[in-house]
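K.L.:
3D model of this:
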Amino acid sequence: MKKELLVINTLVFLKQLKEGVPQSEMLGVIHQLGVKKAEVRREYIKNFDLELIDIKTKASDLDIEVFYSVPELLYINGTIQYENVETYFKEAFTMGCSNVKMIIGGFTTVTSEDVSKVNKLCNQYNIKMTVENDQTEENGKTAKIKTFIEMFRQLGGNISVTFDIGNWVWQNQDPIESARQLKEYVSYIHLKDILKKEKPEAVLLNEGDIPWENILDILPQDVPLALEYPCGTNAEKQLVTELEKLLNSNSFNK
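P.N.:
Residues are numbered from 1 along each chain as shown. Purely as a prediction, here's the structure:
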């Protein structure tokens, strides 16, 4: 895997996010770390009219590729939420994003009309779309994600998977087995370590129970890989250490 594929998700700056620091300000720190890709999170955007433009401007100035994390459902009660999805794509386009990530939600089947609508947005805005396994029972199961992606692709859809290495723990899913089943559909990876206990907790790399290097060995080596977990009160300093762990790992250097 190449360093050029690394992404920093702004969740690493959780303390600053909670304090209301705009995500555009975090792009400078990411750039200083030598990373050229960042993922911004919709739930932490407060002033859309102002912040979307600020992110676009800052990313352009720093030559940073932007990904857009949208923790919203693609389907509700079996119906694709097209108007909402179009809004997210417009927001992503305003920021100059290359990818929009959502959650599947309550789908029952995939229709040709669903696929046509999503493909139209992807083509119109030149943005890729992925769905992610989150920590919920509804959207954190391998079988559901695999079924959905296969149905979508059989109808000519181009959605792929954001594979979150750690989220499987919340649903007692084996991340290694999930990687084996979904690897051919994965176009983006979220990396985190999880401490397994009564209530799982995201921790720094090598401080949890996830065999993340073994999982990376299974997943595609030519897709973007994001660090996506809180890095404490001094996130900038901790990120240097986290990046060293990753860059020096056996799986990264194969």
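K.L.:
ranges for the strands of this protein?
P.N.:
6-9, 37-41, 65-76, 79-80, 97-105, 128-132, 160-164, 186-191, 193-195, 201-203, 225-227 (DSSP state E).
K.L.:
can you tell me the average pLDDT over the third one?
P.N.:
Summarised as a single mean, pLDDT over strand 65-76 is 98.
K.L.:
let me know the pLDDT of Lys254.
P.N.:
69.
K.L.:
any idea how far Leu52 is from Ile45?
P.N.:
Ile45 sits 7 Å away from Leu52, going by CB to CB, to the nearest Å. In short, each C-beta sits where N, CA and C put it, glycine included.
K.L.:
tell me which of those two has more neighbours.
P.N.:
Each of Ile45 and Leu52 has its neighbours counted (other CB atoms under 10 Å); Leu52 has more, 22 against 18.
K.L.:
where do the helices sit along the protein?
P.N.:
In the chain, the segments counted as helices under DSSP state H are 14-18, 23-32, 48-62, 82-95, 112-125, 142-154, 175-182, 212-218, 235-247.
K.L.:
mind putting these into TSV with mean pLDDT?
P.N.:
Listed next are the helices of the chain as TSV, based on pLDDT from 0 to 100:
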stretch	mean pLDDT
helix 14-18	95
helix 23-32	96
helix 48-62	98
helix 82-95	98
helix 112-125	97
helix 142-154	97
helix 175-182	98
helix 212-218	96
helix 235-247	95
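K.L.:
JSON lines for those, including distance to Gln135?
P.N.:
Formatted as JSON lines, those follow (distance: least, CB to CB, whole Å):
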{"stretch": "helix 14-18", "distance to Gln135": "16"}
{"stretch": "helix 23-32", "distance to Gln135": "22"}
{"stretch": "helix 48-62", "distance to Gln135": "26"}
{"stretch": "helix 82-95", "distance to Gln135": "21"}
{"stretch": "helix 112-125", "distance to Gln135": "24"}
{"stretch": "helix 142-154", "distance to Gln135": "13"}
{"stretch": "helix 175-182", "distance to Gln135": "13"}
{"stretch": "helix 212-218", "distance to Gln135": "17"}
{"stretch": "helix 235-247", "distance to Gln135": "21"}
